[in-house]
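Undergrad: take this sequence and fold it.
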Amino acid sequence: MRRWLPGLLLAACVAVGAPADAAPRRVFIAGDSTAAEYGPERAPQAGWGQVLQGYLDPDAYEVHNHARGGRSARSFIEQGWLDPVAEALREGDVLLVQFGHNDAKFEDPTRYNEPERAYPEWLMRYVALARERGATPILITPVARRLFDFGALLDTHVRYSESVRALAGRESVALIDLDTVSRDWLRALGDEASKPYFMHVPAQGKADDTHFSFAGATQVACLVVREWKRLEPGLEADLARDADCGAPPDALALRASQPRPSRVQRAADVATVSQPGPHGGPGPTTAWPYFADAEGLPFAFRKRVLHPGAGIGLHPHHKDEVYYVLSGRGRFVLDGEVHEVGPGDAMLTRPGSSHALQQDGDADLEILIVYPTRP
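TA: All right, here's what the predicted structure looks like:
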């Protein structure tokens, strides 16, 4: 934790010392195509830096994304892409730095950086610039590629990520280990389920395992913010949306050892029950008691269909109960008041109240019902 202390202390000083009406704290991104911005003509492709602002309150943080496709830590500087960042960077800003994908391209000497020496030397120039300006540098390991081999996710950035971790430790630089947490996320998704987060777009003839769709960019930005919060807990107060995302490193082991496994139950596999209207109600109904055999579930969840003329009779309540209308029309009587209900309407009955429900019209009234099974 000590290696992050200088950056954290600076961030804390900025946060505490800033007046309530201060300008937003600025966040600059230096990186490659995985973080870059793409116009609508490239949709659905997006970089995580493109959607980062959506996680941050614009009154508190202002994102400036300078990431460029195809750049390495070397070529980003040599081609002048760092110059506008250097001109703008000032005390209190944050500089997020993520390279590695293109640094590994040994066939291109204008981009290649061997991982043990050249790569960290170039990264250190970003760190030095930030510190000279009084800004907070945060190094980010390269985000994982979606590369599975017989169900196992391959680690394609291992030497470069190790180099960033080592540099952060030696130079006391804040670190977001995006390689590790994005691999945890991908492993938990699995090979097939992870494809929509990358540029697997058959209509465009693309099957790209490096670049993100908008959904993938949004998920990776969430991982960046989640890890940033670990470095700077005060960031939580300035988030515009939650950053509860990703998966634990042992997600697959936890899944395999779960004594009460999660599952999907399809309507065709549920043993339906045909019943007269419950609680003295008229007409025929059909119930789908989902997960009725699930051990330890603290609530009941079922679908009930009230066929024409059917109803649920008036009855008092000793527990909370929620009805949600899927389709059809009905008349819901709650504590003596009549409410016309239809698709999308929800009804909550609390202990001490009473209710009844009558199907109306020619179509079945389909409802979902949820109530606790434990006191």
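
Undergrad: beyond the helix of greatest length in the chain, next helix or strand please.
TA: Of all segments of type helix in the chain, defined using DSSP state H, the longest is helix 214-231. Once the chain leaves helix 214-231, the next helix or strand it forms, by DSSP states H and E, is helix 251-257.

Undergrad: let's test this: mean pLDDT of that next one, rounded?
TA: Average pLDDT, helix 251-257: 87.

Undergrad: also stretch 333-341?
TA: Regarding stretch 333-341, the rounded mean pLDDT is 97.

Undergrad: name the residues of that stretch that are buried.
TA: Judged by neighbour count using 16 or more other Cβ atoms under 10 Å, the buried positions of stretch 333-341 are V333, L334, V341. (Glycine included, C-beta is placed from N, CA and C.)

Undergrad: do stretch 259-274 as well
TA: For stretch 259-274, a neighbour-count test (16+ other Cβ under 10 Å) marks V270 as buried.

Undergrad: over to stretch 362-373?
TA: Buried residues in stretch 362-373 (16+ other Cβ under 10 Å): D364, L365, E366, I367, L368, I369.

Undergrad: cool, and stretch 138-149?
TA: Those would be I138, L139, I140, T141, P142, V143, A144, R145, R146, F148, for stretch 138-149 by 16+ other Cβ under 10 Å.

Undergrad: and which of these is nearest to A36?
TA: Nearest to A36, judged by Cβ to Cβ, of those is V143 at 12.2 Å.

Undergrad: what's near enough to touch that closest one?
TA: For V143, the contacting residues are T34, W48, Q98, L178, D179, S182, V220, by Cβ atoms under 8 Å, 6 or more residues apart in numbering.

Undergrad: circling back: export the buried residues of stretch 362-373 to CSV and tack on distance to R71?
TA: Output for the buried residues of stretch 362-373, formatted as CSV (distance: Cβ to Cβ, whole Å):
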residue, distance to R71
D364, 60
L365, 60
E366, 55
I367, 56
L368, 51
I369, 56
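
Undergrad: among those residues, name the ones in strands.
TA: Mapping the buried residues of stretch 362-373 onto strands (DSSP state E) picks out L365, E366, I367, L368, I369.

Undergrad: contact partners for L314?
TA: L314 neighbours (Cβ under 8 Å, 6+ apart): H279, G280, V333, S354, H355, A356.

Undergrad: which secondary structure state does the last one sit in?
TA: Right, A356. Following DSSP: H, G, I helix; E, B strand; the rest coil, we place A356 in the strand state.

Undergrad: if I look at the nearest residue to it once chain neighbours are set aside, how far off is Q359?
TA: Leaving aside its sequence neighbours, A356 sits nearest to L314 (Cβ to Cβ, 6 or more residues apart in numbering; 4.0 Å). To Q359, L314 is 15 Å away according to Cβ to Cβ, to the nearest Å.

Undergrad: sketch out the low-pLDDT regions of the chain for me.
TA: In the predicted model, the chain carries pLDDT under 70 at residues 1-21.

Undergrad: ranges for the helices of it?
TA: 5-17, 48-51, 73-78, 83-88, 118-133, 158-171, 178-189, 191-194, 214-231, 251-257.

Undergrad: so for A67, which of the ones you listed sits nearest?
TA: Comparison of these against A67 by Cβ to Cβ identifies helix 48-51 as nearest, at 5.0 Å.

Undergrad: just list the residues touching P278, thanks.
TA: Counting by Cβ under 8 Å, 6+ apart, P278 has contacts T285, I312, G313, H315.

Undergrad: cool, F148 as well?
TA: Contacts for F148 (Cβ under 8 Å, 6+ apart) come out as L154, G190, D191.

Undergrad: buried subset of those?
TA: By 16+ other Cβ under 10 Å, the contacts of F148 give D191 as buried.

Undergrad: closest one of the contacts of F148 to H307?
TA: The closest of those, once distances to H307 are taken by Cβ to Cβ, is G190, at 41.2 Å.

Undergrad: returning to what we had before: from Q358, how far out is the residue nearest to A356?
TA: Applying Cβ to Cβ, the value for L314 to Q358 is 10 Å.

Undergrad: which residues do these two both contact?
TA: Common neighbours of L314 and Q358, counting by Cβ under 8 Å, 6+ apart, are V333.

Undergrad: if we can go back for a sec, got a winner among the contacts of V143 for most neighbours?
TA: Most neighbours among these, by other Cβ atoms under 10 Å: W48, with 30 neighbours.

Undergrad: surely it is in contact with S213?
TA: No: between W48 and S213 there is no contact under Cβ atoms under 8 Å: 11.5 Å.

Undergrad: returning to that earlier point: next, format the contacts of V143 as TSV and append distance to S163.
TA: Compiled in TSV, the contacts of V143 are given as follows (distance: Cβ to Cβ, whole Å):
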residue	distance to S163
T34	17
W48	21
Q98	13
L178	14
D179	11
S182	17
V220	21
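
Undergrad: residues in contact with stretch 217-237?
TA: 4, 7-8, 11-12, 15, 34, 46-52, 54-56, 96, 138, 140, 143, 174-178, 181-182, 185, 197, 212, 239, 243-246.

Undergrad: among the residues you listed, name the buried ones.
TA: Burial by neighbour count, judged by 16+ other Cβ under 10 Å, picks out 4, 7-8, 11, 15, 34, 46-52, 55-56, 96, 138, 140, 143, 174-178, 181-182, 185, 197, 212, 239, 243, 246 from these.

Undergrad: quick one, domains of this structure?
TA: 2-256, 267-372 (automatic domain parsing).

Undergrad: chain center to the longest one, what's the gap?
TA: Right, the one you point to is domain 2-256. 15 Å (Cα atoms, centre = their mean, to the nearest Å).

Undergrad: could I get the full set of strands for the stretch 1-150 of the chain?
TA: 25-31, 45-46, 61-65, 94-98, 136-140, 148-149 (DSSP state E, counting those that start in this stretch).

Undergrad: having no further points to raise, I will conclude here.
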